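S.K.: The following comprises the amino acid sequence and a computationally predicted model.
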Amino acid sequence: MQKLVLASTSPARRKLLSDAGINFETIAPGVDEDAMVELLKPQSAGELTGMLAKAKAEAVSSQFENSLVLGCDSALEFEGEILGKPLVKDVAISRWIKMRGKSGVLHSGHHLIDTSSSKGTTLITQTKVHFANLSDSQIEKYVLTGEPLNVAGAFTIDGLGGAFVERIEGDYHTVVGLSLVGLRQMVTELGHEYLDLWS
């Protein structure tokens, strides 16, 4: 049976896989994302997330035999901009002021490597997200929780921010940061049975 290795330390992705009954281990990929983006200058959120997901999977794949190594990355496309993690309070607040009452497209890139065959596959999934029209004070209180600072687009759908996502068009798990439907498709494409990943 193939083992799944998640090249990510995202708590949301770890919880998602655990809830889906998947047996996996995690490892930090140690990829300098900012340096890669500066060097390769991706032109779209889809290109960015696919590129970084592949880099993360490749960064750790040589450490594992007979394993499926999964790299993931997410970014929000909003009014022509690619929005990653805001990191600081002021950036998160200004983003939410722009986003409130509007919609953006959350892109999640996935790259899966079969270390036994060295084959890999990339999949980008997208979901349209409609944001609530929050007041200035609501935005500030949300940002002060710290939750939006280290997540793509400055929001979560599976945490405190879920109350501020009015609706989505597409796959819920894409917004969390890892499409289970996409993972099943990639595992199948590489010649394996998704159900074998269950604990």
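M.R.: Here it is on my side, so go on.

S.K.: When you work out contacts or count neighbours from here on, use the C-alpha atoms and nothing else.
M.R.: Fine.

S.K.: Residue 25 is in what secondary structure piece?
M.R.: Using DSSP states H and E, residue 25 sits in strand 24-26.

S.K.: helices or strands up against that strand?
M.R.: Helices and strands touching strand 24-26, by 3 or more C-alpha pairs under 8 Å, 6 or more residues apart in numbering; DSSP states H and E, are strand 3-6.

S.K.: Need the residues that contact the next helix or strand along the chain from the strand it packs on.
M.R.: Moving toward the C-terminus from strand 3-6, the next helix or strand (DSSP H and E) is helix 11-19. The contact list for helix 11-19 (C-alpha atoms under 8 Å, 6 or more residues apart in numbering) reads 23, 24, 26, 158, 176, 177, 178.

S.K.: Check the gap between residue 17 and residue 198 for me.
M.R.: As judged by C-alpha to C-alpha, to the nearest Å, residue 17 and residue 198 stand 10 Å apart.

S.K.: between these two, what contacts are shared?
M.R.: Contact with both residue 17 and residue 198 is made by residues residue 23, according to C-alpha under 8 Å, 6+ apart.

S.K.: quick one: which of the two has more around it?
M.R.: residue 17 (18 against 14; other C-alpha atoms under 10 Å).

S.K.: ok now the longest helix belonging to the chain, how far from the chain's centre?
M.R.: Across the chain, the longest stretch assigned as helix under DSSP state H is helix 45-61. Mean-position distance between helix 45-61 and its chain equals 11 Å (C-alpha atoms, centre = their mean, to the nearest Å).

S.K.: Can you name the element that comes right after that helix?
M.R.: Helix 45-61 is succeeded, C-terminally, by strand 67-78 (DSSP H and E).

S.K.: re the thing from before, save the contacts of helix 11-19 as a markdown table, and put in distance to residue 93, neighbour count and pLDDT too.
M.R.: Converted to a markdown table, these look like this (distance: C-alpha to C-alpha, whole Å; neighbours: other C-alpha atoms under 10 Å; pLDDT from 0 to 100):
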| residue | distance to residue 93 | neighbour count | pLDDT |
| --- | --- | --- | --- |
| 23 | 37 | 15 | 94 |
| 24 | 35 | 19 | 97 |
| 26 | 31 | 16 | 97 |
| 158 | 20 | 14 | 96 |
| 176 | 21 | 23 | 97 |
| 177 | 22 | 26 | 96 |
| 178 | 25 | 28 | 98 |
